[in-house]
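In: I would like the atomic coordinates for the input below:
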Amino acid sequence: MENDRLVLPRHFTYYDIGTFTGLHVITVTKVFNALLRAGIISKEGRKVLIEQEGRLADIANGMEELPYG
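Out: Residues are numbered from 1 along each chain as shown. The predicted model follows:
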């Protein structure tokens, strides 16, 4: 946690995330860019900060749609 925001514990490349989740690296890139544009996450250098944990959970649980195409 940093300034009341969750921080991903270590740097993962889009390739790492794609390998872990079974998604293509281009899909991972599009989703991350959509999350950044929506203000749900932010980046400080190589850190990824979760700005809106509730919205991220809603997207993960299918309660909110994130257009990323």
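In: Report the distance from the lengthiest helix in the chain to the chain centre.
Out: Ranked by number of residues, the top helix in the chain under DSSP state H is helix 25-37. The chain centre lies 7 Å from the centre of helix 25-37; the measure is CA atoms, centre = their mean, to the nearest Å.
In: Extract the residue ranges of the chain that are flagged as low pLDDT.
Out: Low-confidence segments of the chain (pLDDT under 70): 1-3.
In: if we go to 90?
Out: 1-12, 44-47, 69 (pLDDT under 90).
In: hmm, back to that, report the next helix or strand after the longest helix of the chain in sequence order.
Out: strand 41-44 (DSSP states H and E).
In: Neighbouring strands of that next one in the sheet, and parallel or not?
Out: Its sheet considered, strand 41-44 pairs with strand 47-50 (antiparallel) by DSSP bridges.
In: Buried residues, the partner strand. List them.
Out: Within strand 47-50, the residues that qualify as buried by neighbour count (16 or more other CB atoms under 10 Å) are 48, 50. C-beta coordinates here come from the backbone N, C-alpha and C atoms, glycine included.
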